[in-house]
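In: Sequence and computational prediction follow.
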Amino acid sequence: MGCILTDDNINQCLVLSSVDGDLSTTVVLDDRGLAYGHGLFESMRLWSGKIPLQTEHLARIYRDARRLNISVEASTVARYLERFIAHLNCLGITAGVIKLMITAGSGARGYRIPEAMAPRYILRFSELPTDLFRSGEGGVGLYQCDYRLPQNTALAGVKHLNRLDQILARSEWHDEYQDGLMLDQKNYVIETTSANIFIRHANEWLTPRLTGAGIDGILRSLIINQLAPAKGLNVREGALTMADISACSEWFLCNSVRGIVPIVNLMGRQQWSIGDNTQKLCQALTERYLCYA
């Protein structure tokens, strides 16, 4: 479904968001996502008018919606997403980021989940981060956050709408660092405020185990299950400490918007070079998805 620009609908056609399949910037005030954070989201890379990892993004949101007791119709999501991408293409927009939010919909006051739930589907477009390619080529520096992630096995791995932990952690620095390293309350390394991490240690790749905190990222799973094995690299999930970080030979952060980004310093206290194994994984990613080149 495309968008035909006329004098009557030109303002509407320039809207870069949709709610339940209709171009809109309005969400009703009794939405449970707004009131309680009862919902999930996916930040998806748009490239050449398509979402390269769409299958993986949608599979995760369907899986995690069940954990939040939100009944999602896959056919509805696919239809609304197709309609929104067609609208963007009509405007000449073929690259950027599409954020998909699915909330538990409208409901009366109180925490009890409505018996007749009607999920709300929200889509919003934004441009790619301005430092995307520069940080990918030269690497990034991290801040070590004082804020500690709480342990919550019921929600660990889920990309739910409540991001207060990340907001509080991100408030600790201005713009002198590109991201912040986050630990849990037992002082184990978990992730950054917006990405997963991998470190090279003793001839293998390690990534934090996310049984109590953190987000199970799309690119994280892709690296563990496909990209690393394709390059003959071993990856192990485990409990990581700051001592492991200090002893690692190379490390990187990753998410589905930025791809694989080398980490070259931690608060200026320690420096790393961009290692050969990181470059191998970057190559494996760009061989499959040109958008990360």
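Out: Received, thanks.
In: Shouldn't Ile70 be within a helix?
Out: No: secondary structure of Ile70 (DSSP: H, G, I helix; E, B strand; the rest coil): coil, not part of a helix.
In: How much space separates it from Gly105?
Out: Noted for Ile70: a distance of 8 Å to Gly105, by Cβ to Cβ, to the nearest Å. In short, each C-beta sits where N, CA and C put it, glycine included.
In: Ser194 too?
Out: Distance of Ser194 to Gly105, computed by Cβ to Cβ: 27 Å.
In: Which strand or helix spans Leu281?
Out: Secondary structure assignment for Leu281, by DSSP states H and E: helix 276-288.
In: other SSEs contacting that helix?
Out: Counting contacts by 3 or more Cβ pairs under 8 Å, 6 or more residues apart in numbering; DSSP states H and E, helix 276-288 is packed against helix 228-230, strand 250-255, strand 259-266.
In: for the record, mean pLDDT for stretch 26-33?
Out: Throughout stretch 26-33, pLDDT has a mean value of 92.
In: how about the nearest residue to Ile274, chain neighbours excluded?
Out: Distances taken as Cβ to Cβ, 6 or more residues apart in numbering place Pro262 nearest to Ile274, at 4.3 Å, with adjacent residues excluded.
In: ok so, going back, overlap of the contact sets of Ile70 and Gly105?
Out: Listed as contacting both Ile70 and Gly105 by Cβ atoms under 8 Å, 6 or more residues apart in numbering are Met117, Pro119.
In: tell me which residues in whatever helix or strand Glu82 lives in are buried?
Out: Using DSSP H and E, Glu82 maps to helix 74-90. Across helix 74-90, burial judged by 16 or more other Cβ atoms under 10 Å covers Val77, Tyr80, Leu81, Arg83, Phe84, Ile85, His87, Leu88, Asn89.
In: could I get those as a markdown table with distance to Ser221 and pLDDT?
Out: Output for those, formatted as a markdown table (distance: Cβ to Cβ, whole Å; pLDDT from 0 to 100):
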| residue | distance to Ser221 | pLDDT |
| --- | --- | --- |
| Val77 | 20 | 97 |
| Tyr80 | 24 | 98 |
| Leu81 | 21 | 98 |
| Arg83 | 28 | 97 |
| Phe84 | 25 | 97 |
| Ile85 | 23 | 97 |
| His87 | 30 | 96 |
| Leu88 | 27 | 96 |
| Asn89 | 28 | 95 |
